[in-house]
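[1] Quick one, structure for this:
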Amino acid sequence: AGPVATRTLALLGADVLRVDAPQLPEDPDAHADTGFGKRSTRLDLGTAADRRTFEELLARADVVVTGYRPGALDRFGLSPEALVDGRPGLIVAQLSAWGAYGPWGDRRGFDSLVQVATGIAATEGIEGIEGAPERPGALPAQALDHGTGYLLAGAVLRALTEQSEQGHSLVLRLALARTAAWLTADRAGERGGMAHGLRGTAYNQPDAWLVETDSGIGRLRHALSPVSFAGGPVNWARPPGCWGTDPARWA
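    You can find the predicted model right below:
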């Protein structure tokens, strides 16, 4: 969800720098898909030099998006509350699987697990005896990641407007489980799947949405952003490069 949100903000003109820990490598295909429009660097916040570099980045940032589970960054003094205390006017967006509160608030999670826990896997499953799902299923895309990502991008744009008018910091919290609840709220008990309404439509003919772009990691065939408007950008100005190889500085 975080990479989708920041990819969308990059499309609209934001200078986006993704910061990862050196010991947590990224899946190459995921990076190729979500790295459009961004630069990517690696910093070890446990070292003094990298921490100083991060603080210099933070001093000029308008928005910080975090995708670790709530509390995971607290040991570095990077909770949302600490971030806005140290940088008045900052917008902090915290993404998680289950939300910041409740009994599962400190658990790890990702789209497919949330699909199971919220009943989507049962709805999308193959029907067995007496209507009970014989085998769990899944949505044809990671819709919770993408849906939450676009919600977050919209929330950040709204927050930037409020911040420019009022000057105060804002903390945004979005969770995959909350998005799943919205997606399933009006489909309780419906079999045939949440994607049922798209069958036989142009969405099953992807060529119109696909383009090819040369990049630092090869020629990529990829989907255009669904975010479009008259006079707006059609494609990203910058293709993805190699993960973690950009300088840790703002453009």
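
[2] Could you check the pLDDT of the residue lying closest to residue 148 once chain neighbours are set aside?
    Distances taken as C-beta to C-beta, 6 or more residues apart in numbering put residue 1 closest to residue 148, at 4.0 Å, once the chain neighbours are dropped. Any C-beta I mention is one placed from the backbone N, CA and C, and that applies to glycine too. pLDDT for residue 1: 94.

[3] just residue 141 next, same as before
    Residue 141 is given a pLDDT of 87.

[4] ok, now residue 134?
    We note a pLDDT of 75 for residue 134 in this prediction.

[5] Just confirm it is within a helix.
    No. Looking at residue 134 with DSSP: H, G, I helix; E, B strand; the rest coil, it is strand, so not inside a helix.

[6] After the helix or strand containing residue 83, which helix or strand is next?
    Following DSSP states H and E, one finds residue 83 within helix 80-86. Later in the chain than helix 80-86, the nearest helix or strand by DSSP H and E is strand 91-96.

[7] Just the CA atoms of that following strand, as PDB, please.
    What follows is strand 91-96, C-alpha atoms only, in PDB (Å, rounded to 0.1, in the frame of the first residue of the first chain):
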ATOM      1  CA  ILE A  91       2.400  15.000   7.600                       C
ATOM      2  CA  VAL A  92       3.000  11.500   8.800                       C
ATOM      3  CA  ALA A  93       1.100   8.600   7.200                       C
ATOM      4  CA  GLN A  94       1.200   5.300   9.000                       C
ATOM      5  CA  LEU A  95       0.100   2.100   7.200                       C
ATOM      6  CA  SER A  96      -0.500  -1.200   8.800                       C
END
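
[8] Just list what it packs against, helices and strands only.
    The contact analysis (3 or more C-beta pairs under 8 Å, 6 or more residues apart in numbering; DSSP states H and E) places strand 91-96 against helix 2-11, strand 63-66, helix 80-86, helix 143-166, strand 170-175.

[9] One more pass at 7 Å, please.
    strand 63-66, helix 80-86, helix 143-166, strand 170-175 (3 or more C-beta pairs under 7 Å, 6 or more residues apart in numbering; DSSP states H and E).

[10] Could you pull out the buried residues of stretch 134-145?
    For stretch 134-145, burial by neighbour count (16 or more other C-beta atoms under 10 Å) applies to 137, 138, 139, 142, 143, 144, 145.

[11] Let me know the closest of those to residue 68.
    Proximity of those to residue 68 (C-beta to C-beta) peaks at residue 145, which lies at 14.9 Å.

[12] The closest one contacts residue 2, doesn't it?
    No. Look at residue 145 against residue 2 with C-beta atoms under 7 Å: they stay out of range, at 8.8 Å.

[13] just to revisit the earlier point, what about the helix holding residue 83, distance to the chain center?
    21 Å (C-alpha atoms, centre = their mean, to the nearest Å).

[14] what do you get for stretch 14-21?
    How far stretch 14-21 lies from its chain's middle: 12 Å, per C-alpha atoms, centre = their mean.
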